[in-house]
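Peer 1: Curious how this folds, go ahead:
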Amino acid sequence: MSKPLTKTQLVAALADQMGSDKKTAAAALDAVAAVITREVAAGGAVTLPGIAKVFCRARPERMVRNPATGEQLSKPADKTVKVTIAKALKDSVNG
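Peer 2: Sure thing, here's the model as predicted:
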């Protein structure tokens, strides 16, 4: 398994794929990240066609265990970010 791309490597790959400079590619990547963050934080969902769907899900109040003491605690309701991988990406990895 190879190492994941760093942001610098991803920006360079995007710039090469887009046929533009790294500054433009970095601005595009930052804009996409900002839009996804804003939409998911507001409770919405963002679909990246052919890649994944990113969405916010509410979790109910639940009982958890402190691993150090074994004590049962009540954890209040909260939200979490979920990512569902698109079938096209799964198929390209497995096929």
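
Peer 1: SS state for residue 37?
Peer 2: helix (DSSP: H, G, I helix; E, B strand; the rest coil).

Peer 1: how many neighbours does it have?
Peer 2: Neighbour count for residue 37, taken as other Cβ atoms under 10 Å: 13. Bear in mind the C-beta positions are built from the backbone N, C-alpha and C, glycine included.

Peer 1: Quick check: the gap between it and residue 46.
Peer 2: 9 Å (Cβ to Cβ, to the nearest Å).

Peer 1: What of residue 79?
Peer 2: From residue 79 to residue 46 the distance is 15 Å (Cβ to Cβ).

Peer 1: same deal with residue 76?
Peer 2: Relative to residue 46, residue 76 is positioned 26 Å away (Cβ to Cβ).

Peer 1: and those two? which has more neighbours close in?
Peer 2: residue 46 (15 against 8).

Peer 1: Next, the contact list for that one, please.
Peer 2: Neighbouring residues of residue 46 by Cβ atoms under 8 Å, 6 or more residues apart in numbering: 35-36, 39-40, 53-55.
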